[in-house]
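Participant: Need coordinates for the following:
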Amino acid sequence: MLLRFFMTCNKIGAFTLGGGYAMIPIMEREFVDKNQWMDRQEFMDIMVVAQTTPGIFAVDMASHIGYKLRGVWGGIVGAVGIALPSIIAIMIIAMFFHNIKDNPWVEKFFRGVRPAVVALIAAPCFKMAKTAGITWRTVWIPIACCLLIALANVSPIYLIIIAGVAGWLLGRYTTKKN
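Facilitator: All right, here's what the predicted structure looks like:
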């Protein structure tokens, strides 16, 4: 099981452009749909925890999922599995990039990849909205948070704390009401 988990994380790390958020749909497909190591709600819960954990999002996701599956060793295997391809790629790029960084073909390649990476990051946002139960009544919350971050330079940490406290208070209110 650990070897299979390592190879899955390694495959995700090796073949995903765009970093952690671009990996979300691939991780979901591998961990939830294909291997059925968890259900969609568990995946969402782990994603929320990984987003609030300091560090690289993809590594946090893989280590949290690994920990859920196989404890501490699973967490270590997940973190190493997802990070190893990037480490190797960065080492190779560092060795050769200074020779090719001014090449017009390389510049065009990176310019062409940017929109695809944005799409890879945007697509899971819409899928997460469905899974998180965001409706037309509650869609204002993530929009307001995005605007506060982008226009008012409000730290995401404050928004996370406010959302957590609001959720806790709402939970207490609805429990007392019932």
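Participant: can you list the weak-confidence ranges in the chain?
Facilitator: Across the chain, the ranges flagged by pLDDT under 70 are 18, 177-178.
Participant: Within the helices and strands, which one has the most centrally placed residue in it?
Facilitator: For the chain, the residue nearest the mean C-alpha position is Y21 (4.0 Å; CA atoms, centre = their mean). Counting by DSSP states H and E, the element that carries Y21 is helix 20-28.
Participant: Now that helix - C-alpha only, CSV.
Facilitator: Taking C-alpha atoms only, helix 20-28 is exported to CSV below (Å, rounded to 0.1, in the frame of the first residue of the first chain):
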residue,chain,number,x,y,z
GLY,A,20,-0.4,22.7,-5.6
TYR,A,21,-3.7,24.1,-6.7
ALA,A,22,-3.4,22.7,-10.2
MET,A,23,-2.9,19.3,-8.6
ILE,A,24,-6.2,19.3,-6.8
PRO,A,25,-8.3,17.8,-9.6
ILE,A,26,-5.6,15.1,-10.3
MET,A,27,-5.3,14.3,-6.6
GLU,A,28,-9.0,14.1,-6.2
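Participant: Heading C-terminal from that helix, find the next helix or strand.
Facilitator: Heading C-terminal from helix 20-28, the first helix or strand you meet, by DSSP H and E, is helix 40-52.
Participant: And that following helix, what does it pack against?
Facilitator: Using 3 or more CB pairs under 8 Å, 6 or more residues apart in numbering; DSSP states H and E as the contact criterion, the elements in contact with helix 40-52 are helix 20-28, helix 57-100, helix 104-131. Bear in mind the C-beta positions are built from the backbone N, C-alpha and C, glycine included.
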